[in-house]
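Q: sequence plus predicted model, see below.
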Amino acid sequence: MKVLLTEDQLRKGIAQMAEKLRQHYAGRPLTVIGVMIGSIVLLADLVRLLDIPLRVELILARCCRGANRPGPLVVNFDLLSSDVRDRDVLLVDDIFDTGNTIWELIPQLDELGPASVRTAVLLRKQGRCQVPVQPDFVAFDIPDAFVVGYGLDYRDMYRNLPYIAALEPHEMSGEIG
Ligand code: 5GP
Ligand code: MG
């Protein structure tokens with residue numbers, strides 16, 4: 001396992017993203033929606049840096065993916081408890097890889113009538129995008145490697161690491177995610 005981003009680097013990058021978000025949303029009714037499970041650590045740290053009035057919500061998006069091929073995305077909005085109509089929505093996810101997750105989630109959120117939908121991610125992987133959108137707020141661009149920690153898992157492990165690390169090929173056996 002190779003450390004890509006230390007705790008200190010994460011703290012600084014997230015603080016910079018929080019400052020941009022604070023300026024962007026100042027004075028507007030914001031609903032922050034975390035995409036479970038990977039975003040929960042970022043969500044907890046990020047909302048504590050946003051000293052603006054906001055609601056926190058969660059949705060679930062799971063991709064049953066193989067090592068190189070994406071599987072179907074399973075989306076569940078059942079946990080969304082408050083009305084987002086006419087509110088600004090910030091979708092928070094752990095990583096923008098192919099972009100398919102965000103690409104599928106945005107129209108589904110749009111149907112709920114929000115004032116706006118923007119996206120914030122901790123990580124964006126280089127050279128992997130397959131969709132015509134990019135996240136609006138990105139804390140870190142990283143090389144194309146499979147990463148774990150700070151909420152991101154490999155087979156439900158490593159979410160609790162306080163840093164981001166890339167797994168070596170021999171540390172992964174076949175299917176990812
Ligand atoms: P996308 O739909 O952008 O291809 O992928 C987004 C989702 O795939 C992420 O929210 C995450 O769940 C998963 N994913 C993509 N790349 C990685 C990675 O390097 N490590 C982990 N743990 N999950 C990843
Ligand atoms: Mg995810």
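A: Alright, I've got the coordinates. Ligands and ions are numbered 1, 2, ... in the order given.
Q: quickly list what the one residue sitting closest to the centre of the chain is bridged to.
A: For the chain, the residue nearest the mean C-alpha position is Asp93 (1.1 Å; Cα atoms, centre = their mean). Per DSSP bridges, the residues bridged to Asp93 are Val121.
Q: contacts only, for it.
A: Contacts for Asp93 (Cβ atoms under 8 Å, 6 or more residues apart in numbering) come out as 34-35, 38-39, 61, 101-102, 119-122, 135. (C-beta placed from N, C-alpha, C; glycine too.)
Q: over to Gly99?
A: 128-131, 133-134.
Q: same thing but 10 Å
A: 119, 121, 124-125, 128-135 (Cβ atoms under 10 Å, 6 or more residues apart in numbering).
Q: and Asp83, by the same measure?
A: 31, 55, 112-114.
Q: for the residue nearest to the centre of the chain, give its distance to Gly27.
A: 25 Å (Cβ to Cβ, to the nearest Å).
Q: and His24, how many neighbours does it have?
A: By other Cβ atoms under 10 Å, 17 other residues sit near His24.
Q: surely it is within a helix?
A: Yes - the assignment for His24 by DSSP: H, G, I helix; E, B strand; the rest coil puts it in a helix.
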